[in-house]
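1. I need the structure of the sequence given here:
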Amino acid sequence: MRPRKFLRLVLAGLALAPALRAWDHPGHSIVNQIALNSLPADFPAFVREPANVERIKYLAGEPDRWSHSPDLPLAHDNWPEHYLDYEELAAAGLDLNTVPGLRYDFVLAFAAGRAAHPENFRRSEPLGVTLHTDKLPGLLPWVITETYGKLKAAFTSLHVYEELGTPDEVANARANVVYQMAILGHYVGDSAQPLHTTIYHNGWAGDNPHGYTTWTKFHSWIDSGLINKSHLVFTDVAPRIVPAATLSLAPRPDGRDPVFVASLDFIAAQNKLVEPLYQLEKDGKLGNQDPKQAVSPEGRALIENQLLKGGEQLGALWLAAWRNAPVTDAYLHGVLQRRVEAAAKNKP
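-> Below you'll find the model as predicted:
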């Protein structure tokens, strides 16, 4: 295929890909602001500096901006990290209580399960075929767990630089913490959008005994149209923010990371809201069936609740990463300590 023709196909596919985004930028920004406001007073103060607050709000949308790139390797990597078609885990014969917590262990297990149960899988969507992601159910809880690990590592590096680093190194280490916090916020925000947890992500597909909408823009309506029509902003939900919870991170007998299990459980809970969301649409309560129709209190409440859930889950993960980050990195500490000692020797 000629490069220009391929580029047009990818761009056209991405333009028709609302399932990649959750909440669009305003919603993601609200989730990150909720999390910031849930943190305890002893959380590192630099995070609350105005410039860093703005940075965390801006970077809430960064993984979606990656999706605008026409580069196939980036799209192939980025696309499945925003969702999990939760129903497909059972369809592949995987035990929901023992799903592998490591990305590539899971990919191998799912591929084997899908090959063993082809009758359980519907026809692949064209964009998934174009991006070579059509055989995956999504990787959302795995990328959340991995990004959480990156944030812990960023906090550890910051500890070491604050002890032995230069002011510029400390500033850069803090910037990295802010970046990882914001990127984690995006994926946790995705996990709070029910249509990012289901095969029914863009209008009901397959058997439809309840007559739910098959509207192919339903996903984008939930992402942004509903928020815009409701004129929903952060201050509307701010009074309902609760302090960040403490996650239980005790080692598990099955060896899986407790953050992964918590993330998968959170996604499973949001998946239970898929049909209620479709029912609200069917009942005309989401404001999309008539331009003059207002969003009902029930429709607005569901979206507010999901944004709050996402922000509260994110705040708990940020707090856990800070409290559980190792206080030192032996290798980095050794490098910086030798630098200090060398500087002291060479000092006139």
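2. where does residue 244 land in three-state SS?
-> Under the three-state scheme (DSSP: H, G, I helix; E, B strand; the rest coil), residue 244 adopts coil.
3. neighbours of it, just the number please.
-> 24 (other Cβ atoms under 10 Å). From N, CA and C alone the C-beta is placed, and that goes for glycine too.
4. And for residue 183?
-> The number of residues near residue 183, taken as other Cβ under 10 Å, comes to 19.
5. How about it: what's its closest non-neighbour residue?
-> residue 147 (5.7 Å; Cβ to Cβ, 6 or more residues apart in numbering).
6. in terms of contact, does that neighbour touch residue 180 like I think?
-> Yes. The pair residue 147 / residue 180 is scored as a contact, 6.6 Å apart, by Cβ atoms under 8 Å.
7. tell me, what's touching the two both at once?
-> Residues touching both residue 147 and residue 180 (Cβ atoms under 8 Å, 6 or more residues apart in numbering): none.
8. Quick one, grab the pLDDT at residue 221.
-> Residue 221 is assigned 93 on the pLDDT scale.
9. what's the answer for residue 44, then?
-> pLDDT, residue 44: 98.
10. helix or strand for the residue nearest to residue 183, which one?
-> helix 140-164 (DSSP states H and E).
11. Show me what that helix is packed up against.
-> helix 103-116, helix 167-191, helix 258-271, helix 297-324, helix 330-346 (3 or more Cβ pairs under 8 Å, 6 or more residues apart in numbering; DSSP states H and E).
12. and of those, who's closest to residue 38?
-> Nearest to residue 38, of all those, is helix 297-324, at 3.5 Å by Cβ to Cβ.
13. And the closest one, what's buried?
-> Of all the residues in helix 297-324, those buried under the rule 16 or more other Cβ atoms under 10 Å are 299-300, 302-304, 306-322.
14. circling back: columns mean pLDDT on top of the helices and strands packed on helix 140-164, output as TSV?
-> Listed next are these as TSV, based on pLDDT from 0 to 100:
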stretch	mean pLDDT
helix 103-116	98
helix 167-191	98
helix 258-271	98
helix 297-324	97
helix 330-346	96
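15. So for residue 37, which of the ones you listed sits nearest?
-> Of the helices and strands packed on helix 140-164, nearest to residue 37 by Cβ to Cβ is helix 297-324, at 8.0 Å.
16. what angle do the closest one and helix 258-271 make?
-> On the basis of axes from the mean of the first three to the mean of the last three Cα atoms, to 10 degrees, helix 297-324 is oriented at 180 degrees to helix 258-271.
17. who does helix 297-324 touch, helix- and strand-wise?
-> helix 24-38, helix 140-164, helix 167-191, helix 226-230, helix 234-237, helix 258-271, helix 274-282.
18. Identify the residues contacting the last one?
-> Looking back up the chat, that one is helix 274-282. Contacts of helix 274-282 (Cβ under 8 Å, 6+ apart): 194-195, 197-198, 200, 204, 210-213, 218, 222, 286, 288-289, 296, 298-299, 302.
19. just how off-centre is that helix within its chain?
-> With Cα atoms, centre = their mean, to the nearest Å as the basis, helix 274-282 stands 22 Å off its chain's centre.
20. same thing with stretch 306-319?
-> 11 Å.
21. Dump that stretch to PDB, restricted to CA.
-> This file holds the C-alpha atoms of stretch 306-319, laid out as PDB (Å, rounded to 0.1, in the frame of the first residue of the first chain):
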ATOM      1  CA  GLN A 306     -18.700   8.700  37.400                       C
ATOM      2  CA  LEU A 307     -16.400  11.700  37.400                       C
ATOM      3  CA  LEU A 308     -16.300  11.600  41.200                       C
ATOM      4  CA  LYS A 309     -15.600   7.900  41.300                       C
ATOM      5  CA  GLY A 310     -12.800   8.300  38.800                       C
ATOM      6  CA  GLY A 311     -11.300  11.200  40.800                       C
ATOM      7  CA  GLU A 312     -11.600   9.400  44.100                       C
ATOM      8  CA  GLN A 313     -10.000   6.200  42.700                       C
ATOM      9  CA  LEU A 314      -7.200   8.400  41.200                       C
ATOM     10  CA  GLY A 315      -6.600  10.200  44.500                       C
ATOM     11  CA  ALA A 316      -6.300   6.900  46.300                       C
ATOM     12  CA  LEU A 317      -3.700   5.700  43.700                       C
ATOM     13  CA  TRP A 318      -1.700   8.900  43.900                       C
ATOM     14  CA  LEU A 319      -1.700   8.700  47.700                       C
END
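22. hmm, back to that, make a PyMOL selection of whichever of the contacts of helix 274-282 turn out to be buried.
-> The buried subset of the contacts of helix 274-282, as determined by 16+ other Cβ under 10 Å, is captured in PyMOL by this line:
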select buried, resi 194+195+197+198+200+204+212+213+218+222+286+288+296+299+302
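23. Figure out the length between the terminal residues of stretch 292-299.
-> 15 Å (Cα to Cα, to the nearest Å).
24. Any chance you could list what contacts it?
-> 226, 229, 230, 280, 284, 285, 286, 287.
25. Pick out the most distant pair among the residues you listed.
-> 230 and 284 (15.1 Å).
26. So between the two, which is more surrounded?
-> residue 230 (18 against 13).
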